[in-house]
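K.L.:
coords please:
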Amino acid sequence: MSTESALTIKLKLNNGIEAPAIALGTYNSEGLQPKVKDAVKAAVKGGYRHIDTAWIYGTETYIGEALAELFAEGVVKREDLFITTKVWPTHWNDPSKSIDESLKRLGIDYLDLVLQHWPLTFKVDADGNPLMNDGQFVPDDGDYLDTWKKLIALYKKDNKKIRSIGVSNYTIPYLERLLKETDIVPVVNQVELHPSLPQVDLVKFSKDHGILTEAFSPLGSRGAPLLKLPIVETLAKKYDASPAEILINYHVKSGRLAAPRSINTERLAKGFNSVPLTADDLKSLDQEGIDHPKRYVNMGFAKSVGYENWSEDKP
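P.N.:
Numbers count the residues shown, from 1 in each chain. Next comes the predicted model:
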């Protein structure tokens, strides 16, 4: 088994900036958000240099507390880290507000990457909070591409405050429209991606247009079900690696970013070793999803975006 850490691998974005290939995902279920502080500290001390969060996650404040302590302890400096956050569709018409709130919560003065979280628009109530109806976000009649255009304007105005901009949960038709109607190519499209959902056409389209694909839920969402896939277990034995290392290297060795999430501080402290997966190994992992596709993140409001392999089942 390789003892080289995969956490040191970086990929170049289309604006020339390098991003650590493996990010710590910080979405957590209600009630678990405070555990993110210790998770971030353990992850950074274990070698992580990329933190992925979002306005909607409710974890930015805890990440900010962790960062302040890490900086004070001299573990890392701000410039050692790559920090990503996302603009939720309730801020579709004013992403600057979302960005400023994220910066304040995180306790930093710039972001390495800002993503449009979904190509959707949602309404807000009189207080500016998400408007809900029976537990669901209420759609607005705005144009999702306006959010991207406003992010472009903010980026052009001050690319030291926002070093890169990208998108999340875009399908090919949405990317095609964006590329046709605007003059900045996203550096990243973050989507659900793993051997059970390889999204080969979307990944190829993005690559052909200089967009890096980033995988969320690379282990298959709650309970990490993909750790038990036969092909993953076979490759883990072949390389004397953990199933999680196979799943993460599946992306890294394919030139993609990955954002696994965890609040297990012991596991985070160990990081991920690099695994020399071959082209045939990567094809066999892709084939799993081509033959038996499964999407784990099936939020109701997102169905209109037009994903393949959509399931009505709860994730």
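K.L.:
and for residue 270, nearest residue in space, chain neighbours not counted?
P.N.:
Residue nearest to residue 270 in three dimensions, not counting chain neighbours: residue 46, with 6.5 Å by Cβ to Cβ, 6 or more residues apart in numbering. The C-beta positions use only the backbone N, C-alpha and C, and glycine is treated the same way.
K.L.:
report pLDDT for the one you found.
P.N.:
Note on residue 46: pLDDT of 96.
K.L.:
give me the low-pLDDT residue ranges for the stretch 201-315 of the chain?
P.N.:
309-315 (pLDDT under 70).
K.L.:
can you give me the strands for it?
P.N.:
Assigned by DSSP state E, counting those that start in this stretch, the strands in the stretch 201-315 of the chain fall at 212-216, 257-259.
K.L.:
which residues of the stretch 51-200 of the chain fall in strands?
P.N.:
Under DSSP E, counting those that start in this stretch, the stretch 51-200 of the chain gives strands at 82-87, 113-116, 132-133, 136-137, 165-168, 188-192.
K.L.:
what would the ones you listed look like in JSON lines with distance to residue 53 and mean pLDDT?
P.N.:
Formatted as JSON lines, the strands of the stretch 51-200 of the chain follow (distance: least, Cβ to Cβ, whole Å; pLDDT from 0 to 100):
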{"stretch": "strand 82-87", "distance to residue 53": "5", "mean pLDDT": "99"}
{"stretch": "strand 113-116", "distance to residue 53": "10", "mean pLDDT": "99"}
{"stretch": "strand 132-133", "distance to residue 53": "22", "mean pLDDT": "86"}
{"stretch": "strand 136-137", "distance to residue 53": "19", "mean pLDDT": "86"}
{"stretch": "strand 165-168", "distance to residue 53": "12", "mean pLDDT": "99"}
{"stretch": "strand 188-192", "distance to residue 53": "12", "mean pLDDT": "98"}
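K.L.:
mind putting the ones you listed into JSON lines with distance to residue 253?
P.N.:
Shown next, in JSON lines, are those (distance: least, Cβ to Cβ, whole Å):
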{"stretch": "strand 82-87", "distance to residue 253": "20"}
{"stretch": "strand 113-116", "distance to residue 253": "22"}
{"stretch": "strand 132-133", "distance to residue 253": "41"}
{"stretch": "strand 136-137", "distance to residue 253": "37"}
{"stretch": "strand 165-168", "distance to residue 253": "21"}
{"stretch": "strand 188-192", "distance to residue 253": "18"}
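K.L.:
same list, these, but as CSV with mean neighbour count and distance to residue 151 please.
P.N.:
Below are the strands of the stretch 51-200 of the chain laid out as CSV (neighbours: other Cβ atoms under 10 Å; distance: least, Cβ to Cβ, whole Å):
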stretch, mean neighbour count, distance to residue 151
strand 82-87, 26, 7
strand 113-116, 26, 6
strand 132-133, 10, 25
strand 136-137, 17, 20
strand 165-168, 24, 5
strand 188-192, 25, 12
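K.L.:
residue with max distance from the center of the protein?
P.N.:
Distance from the C-alpha centroid of the chain peaks at residue 126, with 30.4 Å (Cα atoms, centre = their mean).
K.L.:
burial of residue 211, as a residue count?
P.N.:
24 (other Cβ atoms under 10 Å).
K.L.:
sorry, wrong one. I was asking about residue 246.
P.N.:
Neighbour number of residue 246 under other Cβ under 10 Å is 27.
K.L.:
dump the residue contacts of it.
P.N.:
232, 235-236, 239, 275, 277, 285 (Cβ atoms under 8 Å, 6 or more residues apart in numbering).
K.L.:
out of those, flag the one nearest to residue 122.
P.N.:
residue 285 (35.0 Å; Cβ to Cβ).
K.L.:
residue 235 versus the closest one, what's the distance?
P.N.:
8 Å (Cβ to Cβ, to the nearest Å).
K.L.:
give me the common contacts of these two.
P.N.:
Counting by Cβ under 8 Å, 6+ apart, the residues touching both residue 285 and residue 235 are 246, 277.
K.L.:
still on that earlier bit, any chance of the backbone angles for the residue nearest to residue 270?
P.N.:
Per-residue torsions, residue 46: phi -90, psi 0 (degrees, to the nearest 10).
K.L.:
in contact with it, which residues?
P.N.:
Going by Cβ under 8 Å, 6+ apart, residue 46 touches 7, 268-271.
K.L.:
which two in the residues you listed are spaced the farthest apart?
P.N.:
Counting by Cβ to Cβ, the most remote pair of the contacts of residue 46 is 7 and 269, 11.4 Å apart.
K.L.:
show me which of these two is the more surrounded one.
P.N.:
Under the neighbour definition other Cβ under 10 Å, residue 7 and residue 269 were set side by side, and residue 7 has more, 23 against 14.
K.L.:
what's the closest non-adjacent residue to that one?
P.N.:
That would be residue 47: by Cβ to Cβ, 6+ apart, it lies 4.1 Å from residue 7.
K.L.:
kindly report the same for residue 281.
P.N.:
residue 235 (5.9 Å).
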